[in-house]
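Peer 1: When you get a sec, could you give me coordinates for this:
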Amino acid sequence: RCCTAMVFRYGEVLHIGRHETIGMGNGQMRVILKLKDGIPINRVPDFIRLDNFSSFITCPDKVPLCLKCRARGHIARDCLCKRCPTCKQFKPVNHKCAGDLWSNKL
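Peer 2: Numbering: from 1, shown residues only. Alright, predicted model coming up:
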């Protein structure tokens, strides 16, 4: 499979299948991987691209990545960042925006 080939460079694929929540399919795939010797958990990417879809990778021992502000150490549910009214990006509350972006002038 395509997914197996993408993660094979990081280790041995032990299992690949659909991830279900309470017996219902949710469109997620679960891949159980045994990392190769010498490959630390932080070398595994946060996202991989499969068939024009960007897939988020989670690992139990990896520092979490916030999908809202893209900072490490927390998840989106616990994120304290707010959307900046000028640049429209999620930034810390004390963020000082550098000014208008070219994308705001379109």
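
Peer 1: mind giving me the domain ranges of the chain?
Peer 2: If you go by automatic domain parsing, the domain ranges for the chain are 1-62, 63-106.

Peer 1: gap between the two ends of stretch 67-87?
Peer 2: 18 Å (CA to CA, to the nearest Å).

Peer 1: Any buried residues in it, and which?
Peer 2: By neighbour count with 16 or more other CB atoms under 10 Å, stretch 67-87 contains the buried residues 68, 69, 74, 81, 87. To be clear about C-beta, it is placed using only N, CA and C from the backbone, and glycine gets the same treatment.

Peer 1: What residues sit buried inside stretch 88-96?
Peer 2: 90, 91.

Peer 1: rewinding a little: among the buried residues of stretch 67-87, which ones are in helices?
Peer 2: Taking DSSP state H, every one of the buried residues of stretch 67-87 sits outside helices.

Peer 1: Kindly state the pLDDT recorded for the residue nearest to residue 47 when sequence neighbours are not counted?
Peer 2: The shortest distance from residue 47 to any non-neighbouring residue, by CB to CB, 6 or more residues apart in numbering, is to residue 54 (5.2 Å). Listed pLDDT for residue 54 reads 74.
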